[in-house]
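J.: give me a model of this one.
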Amino acid sequence: MMNEMYRQLGVSQAVYEFGEATLGGLTERFREIDAVAEYNQCKVLAAMQKNRVNATHFAATTGYGYDDEGRDNLERVYADCFHTEAALVRPQITCGTHALTVALSANLRPGDELLSPVGRPYDTLEEVIGIRPSPCSLAEYGVSYREVELLPDGTFDYEGIRRAITDKTKLITIQRSKGYATRPTFSVEQIGKLIAFCKQCKPGVLCMVDNCYGEFVEMQEPSDLGADMIVGSLIKNPGGGLAPIGGYICGTRECVDRCAYRLSAPGLGQEVGANLGLMPAFYQGLFLSPTVVASAVKSAVFAAACYEKLGFRQVGRRPNYYSHPKEDGLILRKEWEI
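T.: Next up, the predicted model:
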């Protein structure tokens, strides 16, 4: 019956059987992904229970947004979920790049230096930083920038990072996702070790992680391993596909307070910013997020397995988040003809 349904959708019998055979070899990996999703679902549910989320938190606000308990409680939920002192979660943050810009501009002053120890960041940040000249970039406001390329095998150049950290280094930005690059996406464990190394080189340096696409992929988040700020978009993982806009910054109270002042205005901070009726989508999206993320990871694993079986070469195998057979190497023979 199922293959007949796929036939009506234009999927041939050969393709259907190929997909089923591929899925059969992914049972254990899917089980491990489900375990991560279950853990993260419990983590989200515990944060919501602790903060007594209820129907009153779904109420819409307009205007200034003073005393918006739904918005304020959502930020407490995010802080508890990501194990941070504070959180800023707002529809006024339009995207991940905007959230990162707020975090950087709030915590860097003229004369400070920004360091990326993981190579060139996502292309939209090039104009934010001033790598490519742009009005209102960090460079225009006197913030310098340097980066340390990854080693040829995709690992961190610790000696290069040690040399790059100077008295001027105020903030270190770490992009978790590969973005459009061919390097592997970094695991939380890798990021934690990098943060520990940077803070050993310069105690007090701020470490910010661009967490876009990474939320709920693992049981831990970078904020569990020393990140002063983690930054992301509600259009991606934590919005669960329901949030139509928004971004978040979770971290230390001092860092988040500065971000709130930069987003709104000095003296106003988190007190203003109406939720515009988006609280149901934000709460429900967060609740669904672990399940939605798990489905996306399964889809990626399934697609990768299909391409492997078809003989495509992998570029930059990701860290071993999920166990898989050793013979599942970088290059597989083309065993299927479709």
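J.: quick one: low-confidence residue ranges for the stretch 1-150 of the chain.
T.: Across the stretch 1-150 of the chain, not a single residue meets the criterion (pLDDT under 70).
J.: how about the helices in the stretch 201-338 of the chain?
T.: Assigned by DSSP state H, counting those that start in this stretch, the stretch 201-338 of the chain shows helices spanning 253-263, 279-309.
J.: winner for burial among those helices?
T.: helix 253-263 (a mean of 21; mean count of other C-beta atoms under 10 Å). Yep, even glycine has a C-beta here, placed from its N, CA and C like the rest.
J.: of the helices of the stretch 201-338 of the chain, which is nearest K178?
T.: Minimum separation from K178 across those (C-beta to C-beta) falls at helix 279-309, 12.2 Å.
J.: other SSEs contacting that closest one?
T.: Where contact means 3 or more C-beta pairs under 8 Å, 6 or more residues apart in numbering; DSSP states H and E, helix 279-309 is packed against helix 13-24, helix 27-50, helix 69-81.
J.: can you give me the strands in this protein?
T.: Taking DSSP state E as the criterion, the chain contains strands spanning 86-90, 113-116, 144-147, 169-175, 206-210, 229-233, 247-251.
J.: quick one: contacts for Y6?
T.: Residues in contact with Y6 (C-beta atoms under 8 Å, 6 or more residues apart in numbering) are Y16.
J.: any idea how far it lies from A14?
T.: To A14, Y6 is 11 Å away according to C-beta to C-beta, to the nearest Å.
J.: can you check L288 too?
T.: For L288, the distance to A14 - C-beta to C-beta - is 35 Å.
J.: over to T27?
T.: From T27 over to A14 (counting by C-beta to C-beta), the distance is 22 Å.
J.: A196 too?
T.: 51 Å.
J.: can you count the residues close to R31?
T.: 10 (other C-beta atoms under 10 Å).
J.: re earlier: now the strands of the chain in a markdown table, with mean neighbour count?
T.: Below are those laid out as a markdown table (neighbours: other C-beta atoms under 10 Å):
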| stretch | mean neighbour count |
| --- | --- |
| strand 86-90 | 27 |
| strand 113-116 | 23 |
| strand 144-147 | 17 |
| strand 169-175 | 23 |
| strand 206-210 | 26 |
| strand 229-233 | 28 |
| strand 247-251 | 30 |
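J.: would CSV of the ones you listed with distance to F312 be doable?
T.: What follows is the strands of the chain, written out as CSV (distance: least, C-beta to C-beta, whole Å):
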stretch, distance to F312
strand 86-90, 39
strand 113-116, 30
strand 144-147, 30
strand 169-175, 25
strand 206-210, 28
strand 229-233, 30
strand 247-251, 34
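J.: how about these, which one is nearest L310?
T.: Nearest to L310 among the strands of the chain is strand 169-175 (30.0 Å), distances taken as C-beta to C-beta.
J.: hmm, who's touching that closest one?
T.: Counting by C-beta under 8 Å, 6+ apart, 100, 104, 107-109, 112-118, 121-122, 165, 186, 191, 194-195, 198, 202, 205-210, 222, 227 sit against strand 169-175.
J.: recalculate using a threshold of 7 Å.
T.: Contact with strand 169-175 is made by 104, 107-108, 112-118, 121-122, 191, 194, 198, 202, 205-210, as judged by C-beta atoms under 7 Å, 6 or more residues apart in numbering.
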